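> Fold the stuff below for me.
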Amino acid sequence: METITSRTNPLCTHLRKLSSSASYRRECGEFVCDSPKLLEEALLWQGAVHTVISTDSIPLPTLPAGVRHVRVPADVMRAVSPAQTPQGALAVCGIPERTLPEILDGRRYVVLDGVQDPGNVGTILRTADAFQADGVFLLPGCADLYNPKTVRATMGAVFRFPVWSCTPEQLRELLSRSGLPLYGTALRQDTVDVRAVDYSRCALAIGSEGKGLSQQMLEFCDRTVRIPMSPHCESLNAAAAAAVVLWEAARTD
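A predicted model of the protein is given here:
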C-alpha cells in the first residue's frame, strides 16, 4: 500500500482528468468509480479494477492481487473526488471493449437517443437492469456512460449490464437482422397506449429530455407508444418514462 499526501501528485492529476474529460477517459481506457459501494460492485462483477484510493477511515473489501492501493488524507480525497461529498473511496477501472454483436438474441433492449443528462442515462441503465432488459444502446448525443455522474447513477449496473454505442443506421441494420421491432415513446398517428403493446421481443427507444426522439429515429420506429397521463402534463422525465415502459413490458411477461 502506498501513501500520497500531495494534491499535485501525478495520480491525483490523472484522477481529476478522468473525472472531467470523456476524451481523456477514452484515450486512457479508464474511468473513475466514486464510492465504496461502486468498488464492491466492481469487484463482485469482475470489473477491471486497476487502482483504489481511500482514506484511513474507510474499511475496504479484500482487493485482488495486482490492484494498486493508495491511502490519502481527507483533503487530498476532496481534491480528487468528483463528488461534492466524497465517501472516502475511489476506484480506477478499465473501460471494457464492447463491439456491436452480429445478432441480438435477447428479448428486450433499450435505445437512448440524445439523452444528455448523465443522471438520467445512469438511472435508465439501472432500471433496465432491474426489469431484465438485455442491453442498452446509446446513440450519438447521449451522456458519456463513464462520466462519474452516470456511473454513480447506475448503482453498479455499469459492471453487469451490456451497453453499446452506435449510430442510428447501425442500430436499424442490427434490429432488422435480429427481427426486432423498434417502439418509440412519442406521438404519431399510429401511436398506441403503452398498455396495448406486445413487448415479447422489441427495442424501446427513449428520446432526449427536451426534444424527444429525433426525426430520423421516429422514421425508424415501427410503432410509437404513449404513456397515459394527466392532460395538463406534457411529458415525463426521460428516466421516468423509461421506468414506466420497462415496468409495463416486464409486467406483461
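
> For stretch 168-178, output the C-alpha coordinates as CSV.
Below are the C-alpha coordinates for stretch 168-178, written out as CSV (Å, rounded to 0.1, in the frame of the first residue of the first chain):
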residue,chain,number,x,y,z
PRO,A,168,-28.9,5.1,-35.8
GLU,A,169,-28.1,3.4,-39.1
GLN,A,170,-26.1,0.7,-37.4
LEU,A,171,-28.9,0.1,-34.9
ARG,A,172,-31.5,-0.2,-37.7
GLU,A,173,-29.5,-2.8,-39.5
LEU,A,174,-28.8,-4.8,-36.3
LEU,A,175,-32.5,-4.7,-35.3
SER,A,176,-33.5,-5.8,-38.8
ARG,A,177,-31.1,-8.7,-38.8
SER,A,178,-32.4,-9.7,-35.4
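
> how far is it from where the chain is centred?
21 Å (CA atoms, centre = their mean, to the nearest Å).

> Show me what counts as buried in it.
Buried positions in stretch 168-178, judged by neighbour count with 16 or more other CB atoms under 10 Å: P168, L171, R172, L174, L175, S178. For glycine as for every other residue, the C-beta is placed from the backbone atoms N, C-alpha and C.

> possible to save these as JSON lines with pLDDT and secondary structure?
Shown next, in JSON lines, are these (pLDDT from 0 to 100; DSSP: H, G, I helix; E, B strand; the rest coil):
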{"residue": "P168", "pLDDT": "97", "secondary structure": "helix"}
{"residue": "L171", "pLDDT": "98", "secondary structure": "helix"}
{"residue": "R172", "pLDDT": "98", "secondary structure": "helix"}
{"residue": "L174", "pLDDT": "98", "secondary structure": "helix"}
{"residue": "L175", "pLDDT": "98", "secondary structure": "helix"}
{"residue": "S178", "pLDDT": "98", "secondary structure": "helix"}
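
> Now do the helices in the chain.
Taking DSSP state H as the criterion, the chain contains helices spanning 10-20, 22-28, 36-44, 74-80, 118-130, 148-154, 168-178, 215-220, 238-251.

> Among the ones you listed, single out whichever gets nearest to L187.
Proximity of the helices of the chain to L187 was assessed by CB to CB; the nearest stretch is helix 215-220, lying at 9.8 Å.

> Name the surrounding residues that touch that closest one.
With contact meaning CB atoms under 8 Å, 6 or more residues apart in numbering, helix 215-220 is reached by 111, 113, 139, 168, 171-172, 182, 184, 186, 188, 205, 207, 224.

> low-scoring stretches of the chain, by residue?
Within the chain, the set of residues satisfying pLDDT under 70 is empty.

> before we move on, the earlier item: among the buried residues of stretch 168-178, which one lies nearest to A249?
Nearest to A249 out of the buried residues of stretch 168-178 is L175 (CB to CB; 16.1 Å).

> Pretty sure the closest one sits against L104.
Yes - applying CB atoms under 8 Å as the test, L175 and L104 come out as touching, 7.2 Å apart.

> about what we covered before: any of the contacts of helix 215-220 buried? List them.
The neighbour-count test (16+ other CB under 10 Å) applied to the contacts of helix 215-220 identifies V111, D113, L139, P168, L171, R172, L182, G184, A186, A205, G207, T224 as buried.

> And the fourth one, how far from L44?
Right, the one you point to is P168. In this structure, P168 and L44 are separated by 34 Å, where distance is defined by CB to CB, to the nearest Å.

> go on, the first one?
Counting by CB to CB, the separation of V111 from L44 is 28 Å.
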